[in-house]
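[1] what follows is a predicted protein model with its sequence.
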Amino acid sequence: MNIQPVSPKPGQDPGGKAGSRSMAFSAVLHMAALLPLLAAIALIGPQALAALPPVLLASACLSYGRLAAFFSGERGAREAAWMAECLPFAAYACLQGTSLDVGSCLILLASMTALAAGLVSLEDLVFPRYRGFALALGFCAVLAGVALSLAWMITADSSDPSRQPAIPSIAGTLGLLLAFITRYAATRRRR
Amino acid sequence: MRCAPPRKTIVSLAMALAFAGALPLALMPIETGTSGAGLRLSGGSFEPYRFTHARLECEAGIRGHVEAIGTDWNGGRRLLYEGRNEAWTEAADLVFYVDETLKGIEIEADTGSGRQSLSLDIASLALANAVPDDAELARRAALRDLPLPFSSPRQAKMPAAFRLDASDLSDAASQIAAACFCLDPPTGVLAVLAVFIVAASGLTAMRRRMPPRASLALTLGLSVLATAAVVIVLPREPRIIIAELPQSRGEGSISHSGELVLDSGASDGGPVMRYLTSDPGNLSFLAVSTPGKGGIPLSVMEIREGSFVFSSPPAVFSRSGGLGLHFERWTTGWMAWQDE
């Protein structure tokens, strides 16, 4: 499945009737994509949220953004924007279900976002033209795998509370490094 | 097929062995908890299922961070007390919860001669004060046998009253937890997220005419704002629900039934929500929710001298406003007291 964003044709008035209809349509589609996420976290409740580690909750929300980006045919920066829009939902899920304090929760979210940004950049570098569903699923699987291993590392020694922010921070820094390296490599390739 | 012995039996056996081993020590005229010329601990009953108030002393003076870490019989470690002294003092008061799973305590403090530590054996400390009599052993056995259901709250308004019809203590605990362990629905946060969805959709419509990077920066900014709003608006107040258990009815029967009514005077803004009954026994069921670093004031527990048992033992924190208790995210427990 490959859905391309609708762009105004050359010579067409972008502020005209067709343009504003297209804008309204994309806004409604966007709303329709985010509403299920809101409904899900409102209905799930604290019991179910508490059963999952916060790293996994954050990765689930980011994966939802990645899949939504795929179905709306976005790539690159707009794909990252979709994932960024899922951050407030992830913050709610993490804080509602666990005993994380606000500082640790924000560190965790920033780290997972950096990690996801690194993976998106890598994906853009390795598969610049491929837009298949398998790629989106692969991204979600890798993110979930990383989140599971981070959750395991955090809980391996639960008597040490400093692991809670330290381990995601290391993963987030690695994600940022990955993003920079892949952007640099992509720029060199274009030359 | 052979069954493994229950955990409570193992703990009881281990405690009995430890008491037997520590008996000669307890009879010797030694000062409790002495560690050379460094830290010294005095006072404290160290009776299981109670909060122990002890005094940590150091001739070189104590200033800064003080913490007590407990070691369980199964080797697990947990924080018992954490506090901070801003001014030099020769003695600091420590409070911690002691139960039968606790084997030893390690206290660390910043003193005038550097960071010092003190290791203590709970069994010998308790025996140095008093050898438990039959009544004390019966009290411990009764508390050890109290059922502790795992329970997490549901999103609902707390009922003003509910009817308890329980066949035994386990049933009573489950019924109380199911009826009144509630957190208010987070309508404020859901409203914030709904507004965010509308704003993000509006931005999407506009960003089709923007360069991708500018639209990403705007979306990221909006998301960060919404995340901050969620963090601010989400209710994170600790809450403790204390429900009095009606006296057991009938001869030889252990059923508990009665009407439990929310005490509106006790629940005005504070973390304590009390359910009262017209015919209270000597047991109350507790359900605690402490999100983040929030805590329950210790004074809530010590309003009446009693014994406590928790599904996960709390840590005591010394804060500017007094002593506070921090539990795991959701904890259940019992408060018991002797007949007066």
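    Cool, the structure landed.
[2] give the other helices and strands that the lengthiest helix in chain A contacts.
    Secondary structure assigned by DSSP state H gives helix A:17-50 as the longest helix of chain A. Helices and strands touching helix A:17-50, by 3 or more Cβ pairs under 8 Å, 6 or more residues apart in numbering or on different chains; DSSP states H and E, are helix A:54-71, helix A:87-97, strand B:154-155, helix B:187-207. The C-beta positions use only the backbone N, C-alpha and C, and glycine is treated the same way.
[3] buried ones in the first one?
    Of the residues in helix A:54-71, those buried under the neighbour-count criterion (16 or more other Cβ atoms under 10 Å in any protein chain shown) are A:54-70.
[4] would you check that B:Pro186 makes contact with A:Gly97?
    No. Using Cβ atoms under 8 Å, B:Pro186 is not in contact with A:Gly97; the gap is 11.9 Å.
[5] of these two, give the one with the bigger neighbour count.
    Remark: of B:Pro186 and A:Gly97, A:Gly97 carries more neighbours, 24 against 21, as counted by other Cβ atoms under 10 Å in any protein chain shown.
[6] list the contacts for the more buried one?
    Contacts for A:Gly97 were tallied using Cβ atoms under 8 Å, 6 or more residues apart in numbering or on different chains; they are A:Pro46, A:Ala48, A:Leu49, A:Ala50, A:Ala51, A:Leu52, A:Pro54, A:Leu57.
[7] what does B:Leu41 give?
    Neighbour list for B:Leu41: B:Thr32, B:Gly33, B:Ala54, B:Arg55, B:Leu56, B:Glu57, B:Leu94, B:Ile107, B:Leu118, B:Leu120 [criterion: Cβ under 8 Å, 6+ apart].
[8] TSV for the residues you listed, including distance to A:Ala27, secondary structure and neighbour count?
    Formatted as TSV, those follow (distance: Cβ to Cβ, whole Å; DSSP: H, G, I helix; E, B strand; the rest coil; neighbours: other Cβ atoms under 10 Å in any protein chain shown):
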residue	distance to A:Ala27	secondary structure	neighbour count
B:Thr32	72	coil	17
B:Gly33	69	coil	23
B:Ala54	64	strand	23
B:Arg55	66	strand	13
B:Leu56	63	strand	26
B:Glu57	68	strand	17
B:Leu94	60	strand	26
B:Ile107	61	strand	24
B:Leu118	65	strand	20
B:Leu120	66	strand	21
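[9] can I get those in JSON lines including distance to A:Val102 and pLDDT?
    Output for the contacts of B:Leu41, formatted as JSON lines (distance: Cβ to Cβ, whole Å; pLDDT from 0 to 100):
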{"residue": "B:Thr32", "distance to A:Val102": "41", "pLDDT": "42"}
{"residue": "B:Gly33", "distance to A:Val102": "38", "pLDDT": "44"}
{"residue": "B:Ala54", "distance to A:Val102": "33", "pLDDT": "91"}
{"residue": "B:Arg55", "distance to A:Val102": "35", "pLDDT": "92"}
{"residue": "B:Leu56", "distance to A:Val102": "32", "pLDDT": "92"}
{"residue": "B:Glu57", "distance to A:Val102": "37", "pLDDT": "90"}
{"residue": "B:Leu94", "distance to A:Val102": "28", "pLDDT": "91"}
{"residue": "B:Ile107", "distance to A:Val102": "30", "pLDDT": "92"}
{"residue": "B:Leu118", "distance to A:Val102": "34", "pLDDT": "90"}
{"residue": "B:Leu120", "distance to A:Val102": "35", "pLDDT": "88"}
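[10] any chance of the residues you listed in TSV with distance to chain A as columns?
    Output for the contacts of B:Leu41, formatted as TSV (distance: Cβ to the nearest Cβ, whole Å):
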residue	distance to chain A
B:Thr32	27
B:Gly33	23
B:Ala54	22
B:Arg55	26
B:Leu56	22
B:Glu57	27
B:Leu94	20
B:Ile107	16
B:Leu118	19
B:Leu120	19
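[11] with adjacent residues omitted, what lies nearest to A:Leu150?
    A:Val55 (4.7 Å; Cβ to Cβ, 6 or more residues apart in numbering or on different chains).
[12] my read is that that neighbour contacts A:Met153, right?
    No. In this structure, A:Val55 is not within contact of A:Met153 by Cβ under 8 Å, at 9.4 Å.
[13] how about the residues of the stretch 201-340 of chain B near chain A?
    B:201-202, B:204-209, B:212-213, B:215-216, B:219-220, B:222-224, B:226-227, B:229-231, B:234, B:236, B:290-293, B:328-330 (Cβ under 8 Å from any Cβ of the partner chain).
[14] can you tell me how far A:Leu57 is from chain B?
    Separation of A:Leu57 from chain B (Cβ to the nearest Cβ, to the nearest Å): 13 Å.
[15] from memory that residue sits against A:Leu95, does it?
    No. With contact defined as Cβ under 8 Å, A:Leu57 does not reach A:Leu95; the gap is 9.9 Å.
[16] flag every buried residue along whichever helix or strand A:Ala110 is part of.
    Per DSSP states H and E: A:Ala110 is located in helix A:102-126. Applying a neighbour-count criterion of 16+ other Cβ under 10 Å, one finds A:102, A:104-125 buried in helix A:102-126.
[17] against chain B, which of those residues make the cut? List them.
    The subset of the buried residues of helix A:102-126 lying close to chain B, counting by Cβ under 8 Å from any Cβ, consists of A:Val102, A:Cys105, A:Leu106, A:Leu109.
[18] can you lay out those as CSV showing pLDDT?
    Formatted as CSV, those follow (pLDDT from 0 to 100):
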residue, pLDDT
A:Val102, 86
A:Cys105, 89
A:Leu106, 90
A:Leu109, 91
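[19] and which of these is nearest chain B?
    A:Val102 (5.4 Å; Cβ to the nearest Cβ).
[20] quick one, grab the pLDDT at residue 52.
    Here I'm looking at chain A. pLDDT for A:Leu52: 85.
[21] the intended chain is chain B.
    90.
[22] which element is it on?
    Per DSSP H and E: strand B:50-72 holds B:Thr52.
[23] pull the distance from that strand to the chain's centre.
    Relative to the centre of its chain, strand B:50-72 is centred 18 Å away, using Cα atoms, centre = their mean, to the nearest Å.
[24] and that strand, what's buried?
    B:50-52, B:54, B:56-58, B:61-63, B:66-72.
[25] cool, stretch A:140-147 as well?
    Those would be A:Cys140, A:Val142, A:Leu143, A:Ala144, A:Val146, A:Ala147, for stretch A:140-147 by 16+ other Cβ under 10 Å.
[26] restricting to C-alpha, output that stretch in PDB.
    The C-alpha coordinates for stretch A:140-147 follow below in PDB (Å, rounded to 0.1, in the frame of the first residue of the first chain):
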ATOM      1  CA  CYS A 140       8.100  -1.100  15.100                       C
ATOM      2  CA  ALA A 141       9.600  -4.500  15.700                       C
ATOM      3  CA  VAL A 142      13.100  -3.100  16.200                       C
ATOM      4  CA  LEU A 143      11.800  -0.300  18.500                       C
ATOM      5  CA  ALA A 144       9.800  -2.800  20.600                       C
ATOM      6  CA  GLY A 145      12.800  -5.100  20.800                       C
ATOM      7  CA  VAL A 146      15.000  -2.300  22.000                       C
ATOM      8  CA  ALA A 147      12.400  -1.200  24.500                       C
END
